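Colleague: The following comprises the amino acid sequence and a computationally predicted model.
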Amino acid sequence: MTYIVTDACVKCKFMDCVEVCPVDCFYEGENFLAIAPDECIDCGVCEPECPVDAIKPDTEDEPDGKWLQINAQYARVWPNITVKGTPPADREQFERENGKFEKYFSPEPGKGS
């Protein structure tokens with residue numbers, strides 16, 4: 001099992017999860033974070049840190065494994081992030097919106113740390 005970042009992170013990217021990760025398995029995109037499944041040790045400390053409930057165990061993924069695939073894909077190409085950055089200023093507008101990945105996701109990398 002691993003943990004995955006899901007739709008709720010898009011355009012919110014709070015990054016509280018990054019600071020508690022003991023193995024630094026988060027990777028930063030422009031408006032989304034990804035967890036490297038091969039690096040995650042399944043400790044679960046990141047899950048309760050997310051204020052928008054975007055982090056889930058992969059056992060709660062969609063039947064086709066969509067989020068596991070997305071996390072694995074972008075963790076390979078985005079920079080590692082180990083320190084909490086500044087969340088987007090307009091994040092509150094998007095916190096409770098559904099279907100954000102299809103509408104707003106950017107494949108561009110973030111700054112990393």
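Modeller: Noted; the coordinates are in hand. Numbers count the residues shown, from 1 in each chain.
Colleague: OK, contacts around the most centrally placed residue in the chain?
Modeller: In the chain, the centroid-proximal residue (CA atoms, centre = their mean) is residue 33; its distance is 3.2 Å. Shown in contact with residue 33 (CB atoms under 8 Å, 6 or more residues apart in numbering): 5, 9, 13, 15, 17-18, 26-27, 81. Using the backbone N, CA and C atoms, a C-beta is placed for each residue, glycine as well.
Colleague: ok, now with 7 Å
Modeller: Neighbour list for residue 33: 5, 9, 13, 15, 26-27 [criterion: CB atoms under 7 Å, 6 or more residues apart in numbering].
Colleague: With residue 7 instead?
Modeller: 98-101.
Colleague: Kindly report the same for residue 36.
Modeller: Contact partners of residue 36, counting by CB under 7 Å, 6+ apart, are 25, 27, 75.
Colleague: the helices in the protein, which residues?
Modeller: Remark: helices assigned in the chain by DSSP state H are 16-20, 66-75, 100-104.
Colleague: out of those helices, which comes closest to residue 40?
Modeller: Across these, residue 40 has its closest neighbour in helix 66-75 (8.9 Å, CB to CB).
Colleague: Buried residues, the closest one. List them.
Modeller: Buried residues in helix 66-75, counted by 16 or more other CB atoms under 10 Å: 67-68, 70-72, 74-75.
Colleague: And these, which is closest to residue 86?
Modeller: residue 74 (20.2 Å).
Colleague: residues in contact with that closest one?
Modeller: Taking CB under 7 Å, 6+ apart as the contact definition, residue 74 lies against 27, 29, 34.
Colleague: just these now: which is nearest residue 47?
Modeller: For the contacts of residue 74, the nearest to residue 47 is residue 34 (15.0 Å; CB to CB).
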